[in-house]
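Student: how would this look folded up:
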Amino acid sequence: MIGAGLLPLVIAGCSSSGSETAPVTGSEELLQDHGFADIDAREIIDRLEALPVAERPQNLIASVTPSSVQLQDDAGREAELPLPEGQFYLSVAPFVETTHECAFHSLTTCRGELRSREVTVSVVDAGSGEILEEGTRTTHDNGFFGLWLPRGITAELTCALEEYTGSASISTQAEDDLTCLTSLQLT
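Tutor: Predicted structure coming up:
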């Protein structure tokens with residue numbers, strides 16, 4: 001989910017991939033007030049994703065696009081930080097019965113069905129067959145688990161919970177690729 005106020009934050013035009021040295025766009029005060037001063041986009045994402053739902057800021061919308069994390073608070077302040085160069089963040093909410101549509105993950109408002117559940121995950125590069133991720137993950141309190149993947153790939157993501165399994169094709173190549181996968185049904 002993406003807040004309507006965040007749409008103007010998307011930067012158009014030619015630019016290099018996000019890098020750790022790229023400047024922050026927007027309000028330094030927003031970052032300071034929310035405890036994000038002097039940390040990068042990856043740390044902001046990981047920190048917010050790990051928070052219990054009850055502790056997530058009610059006055060902040062934080063959305064992940066393929067190239068940045070975008071923040072907006074209830075004072076109307078906005079900030080955008082680039083993702084680390086060559087990296088892509090995908091938040092996954094596997095489900096059995098209930099889901100919602102989403103394109104760009106909201107770290108503060110998206111909720112999935114399977115909260116705090118242990119799932120088995122594998123990500124296999126579609127081109128090379130290389131296993132990019134394999135192992136057990138525990139979904140966060142919001143029902144999602146996050147994957148930091150290489151930019152520029154297509155892959156097959158498989159997830160299993162008890163006797164339920166599901167797979168989905170994923171991509172980290174385009175600026176409109178999903179950062180919020182909510183269509184991975186486990187059957």
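Student: quick one: residues contacting the closest residue to residue 177 other than its chain neighbours.
Tutor: Leaving aside its chain neighbours, residue 177 sits nearest to residue 171 (4.8 Å; criterion: C-beta to C-beta, 6 or more residues apart in numbering). (Each C-beta comes from the backbone N, C-alpha and C, glycine too.) By C-beta atoms under 8 Å, 6 or more residues apart in numbering, the contact set of residue 171 is 153, 154, 155, 177, 178.
Student: list the pairing partners of the helix or strand encompassing the third one within its sheet, with orientation.
Tutor: Here residue 155 sits within strand 154-161, counting by DSSP states H and E. Based on DSSP bridges, the strands next to strand 154-161 in the sheet, each with its direction, are strand 118-125 (antiparallel), strand 164-171 (antiparallel).
Student: let's have the ones you listed in CSV, adding mean pLDDT and distance to residue 46.
Tutor: Putting the strands paired with strand 154-161 into CSV (pLDDT from 0 to 100; distance: least, C-beta to C-beta, whole Å) gives the following:
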stretch, mean pLDDT, distance to residue 46
strand 118-125, 98, 17
strand 164-171, 98, 19
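Student: low-scoring stretches of this structure, by residue?
Tutor: 1-25 (pLDDT under 70).
Student: quick one: distance of stretch 120-132 to the chain centre.
Tutor: Chain-centre distance of stretch 120-132: 19 Å, with C-alpha atoms, centre = their mean, to the nearest Å.
Student: what's the answer for stretch 62-80, then?
Tutor: Relative to the centre of its chain, stretch 62-80 is centred 13 Å away, using C-alpha atoms, centre = their mean.
Student: render the CA-only coordinates of that stretch in PDB, please.
Tutor: Coordinates of each C-alpha in stretch 62-80 appear next as PDB, following Å, rounded to 0.1, in the frame of the first residue of the first chain:
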ATOM      1  CA  ALA A  62       7.100   4.500   5.100                       C
ATOM      2  CA  SER A  63       6.900   2.900   1.600                       C
ATOM      3  CA  VAL A  64       9.500   0.900  -0.300                       C
ATOM      4  CA  THR A  65       9.900   1.400  -4.100                       C
ATOM      5  CA  PRO A  66      12.400  -0.500  -6.200                       C
ATOM      6  CA  SER A  67      14.900   2.300  -5.800                       C
ATOM      7  CA  SER A  68      14.200   4.000  -2.500                       C
ATOM      8  CA  VAL A  69      12.400   4.200   0.900                       C
ATOM      9  CA  GLN A  70      10.000   7.100   1.000                       C
ATOM     10  CA  LEU A  71       8.900   8.600   4.300                       C
ATOM     11  CA  GLN A  72       6.100  11.100   5.100                       C
ATOM     12  CA  ASP A  73       4.800  12.100   8.500                       C
ATOM     13  CA  ASP A  74       1.600  13.700   9.700                       C
ATOM     14  CA  ALA A  75       3.300  17.100   9.700                       C
ATOM     15  CA  GLY A  76       3.600  16.800   5.900                       C
ATOM     16  CA  ARG A  77       7.400  16.400   5.900                       C
ATOM     17  CA  GLU A  78       8.800  14.000   3.400                       C
ATOM     18  CA  ALA A  79      12.200  12.300   2.900                       C
ATOM     19  CA  GLU A  80      13.500   9.800   0.400                       C
END
